[in-house]
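Undergrad: Curious how this folds, go ahead:
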Amino acid sequence: MNIKAVFICYKNLWLKALGLLLVALGIVGIVLPVMPTTIFFILALTCFTRSSPALEHWLLSHPRYGVTLQQWQAHKVVPVKAKCYAAIGMLIGFVFLLYSNAPVWVIYLVGVIEIAVMIYLILRPSHPPRAK
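TA: Okay, the predicted model is just below:
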């Protein structure tokens, strides 16, 4: 059996495992201010949507993150509060990077990536569309 066949055979298992890992990283992000939370839950939701309706339902009905994830899934909405937390977290992380011994190219690369992420977040709607 080749690698591709193994991957296809165990796709749901891999996606569930990846989703659980992403949830764990999101939980770490709750504790560490410089690490994002919501993006890991969004990525986990993507994995669970393709592999486990039960785990997808668990995330979508979470008391703290469920509504945000439902809005993302339905309308690609990123609330203003999440945008602000992302900006602050990235800024704090970037300041720490500036005071580290990182090579200059790493600082520029991280800066460009963070700017691109912020542009993406700013361009996302902050509220779901209103019903007419």
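Undergrad: Show me the shaky parts of the chain.
TA: Under the criterion pLDDT under 70, the flagged ranges of the chain are 1-2, 5-9, 33-34, 131-132.
Undergrad: show me the contacts for the most centrally placed residue in it.
TA: Centroid check for the chain by Cα atoms, centre = their mean gives residue 39 as the closest residue, at 1.1 Å. For residue 39, the contacting residues are residue 26, by Cβ atoms under 8 Å, 6 or more residues apart in numbering. C-beta coordinates here come from the backbone N, C-alpha and C atoms, glycine included.
Undergrad: Tell me the secondary structure at it.
TA: At residue 39 the chain is in helix, as set by DSSP: H, G, I helix; E, B strand; the rest coil.
Undergrad: Which is the succeeding secondary structure element to the helix or strand harbouring residue 68?
TA: Secondary structure assigned from DSSP states H and E places residue 68 in helix 66-75. Counting by DSSP H and E, the next helix or strand C-terminal to helix 66-75 is helix 80-98.
Undergrad: what about that next one, distance to the chain center?
TA: Centre-to-centre, helix 80-98 and its host chain are 14 Å apart (Cα atoms, centre = their mean, to the nearest Å).
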